[in-house]
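J.: Show me how the following folds:
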Amino acid sequence: MIIKSVNGKHPQIPEDCFIAENATIVGDVVMGNECSVWFNAVIRGDVHFIKMGNKVNVQDGAVIHATYKTSPTTIGNNVSIGHNAIVHGCTIHDNVLIGMGSIVMDDCVVESNTIIAAGAVVSKNTRVESGSIYAGIPAKKIKDISPELTKGEIERIANNYVMYSSWFKE
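T.: So this is what the prediction gives:
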């Protein structure tokens, strides 16, 4: 793993987090408890801060970045960032699933209990309404999310990634 200071800012990573051997975390990054950063994922807090809550999983190949001096990235609790997704200079609230290969751009706000579908592009300044599923390019609301989907997908995936990371700590 590459964990580097940039401009005097060093990543803050609790001991109970799992960081894959080839993940990269640099600069002003603060992670909560039980987070996991998977193979080839990059979290670059070099141009602005990145703050993550508890039980955030950053899956293989995902990139989290920000925009210089204007748009930091803030991620809440129980957030899953799917394989090869890009989360850039935005705010993600609690209990969110960011689908594989999707892109969330600068100054977006993704409210709690939402799913961003795989391959979706959430364009700059979009506010994603709580309790909904957004899909497409550009991403638009396609339906309300059911309580079953919240529990069956968002919570299940966040909890599974805590379990998966325990396999690598043995």
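J.: what's near enough to touch the residue nearest the centre of the chain?
T.: Geometric centre of the chain, nearest residue: I81, 4.2 Å, by Cα atoms, centre = their mean. I81 is in contact with V56, N57, V58, Q59, A62, I64, I75, V87, I98, counting by Cβ atoms under 8 Å, 6 or more residues apart in numbering. C-beta: built from backbone N, CA, C; applies to glycine.
J.: what sits against the fourth one?
T.: I take that to be Q59. Applying Cβ under 8 Å, 6+ apart to Q59 gives the contacts W38, A41, S80, I81, G82, H83, A85, M100, Y161.
J.: cool, and the last one?
T.: Shown here is I98, whose contacts under the criterion Cβ under 8 Å, 6+ apart are V79, S80, I81, G82, A85, V87, I92, V104, V110, I116.
J.: hmm, try it at 6 Å
T.: I98 is in contact with I81, G82, A85, I116, counting by Cβ atoms under 6 Å, 6 or more residues apart in numbering.
J.: Compare those residues and tell me which has the most neighbours.
T.: Sorting these by how many neighbours each has (other Cβ atoms under 10 Å) puts I81 first, at 31 neighbours.
J.: Report the beta-bridge partners for that one.
T.: Applying DSSP bridges to I81 gives these bridge partners: V58, I98.
J.: quick one on the thing from earlier: so which of the contacts of I81 would you say is closest to E155?
T.: Set against E155, the nearest of those by Cβ to Cβ is N57 (12.4 Å).
J.: Now the closest one. Nearest residue, chain neighbours left out?
T.: Leaving out its chain neighbours, the residue that sits closest to N57 by Cβ to Cβ, 6 or more residues apart in numbering is Y161, at 3.6 Å.
J.: Phi and psi next, for that neighbour.
T.: Per-residue torsions, Y161: phi -70, psi -30 (degrees, to the nearest 10).
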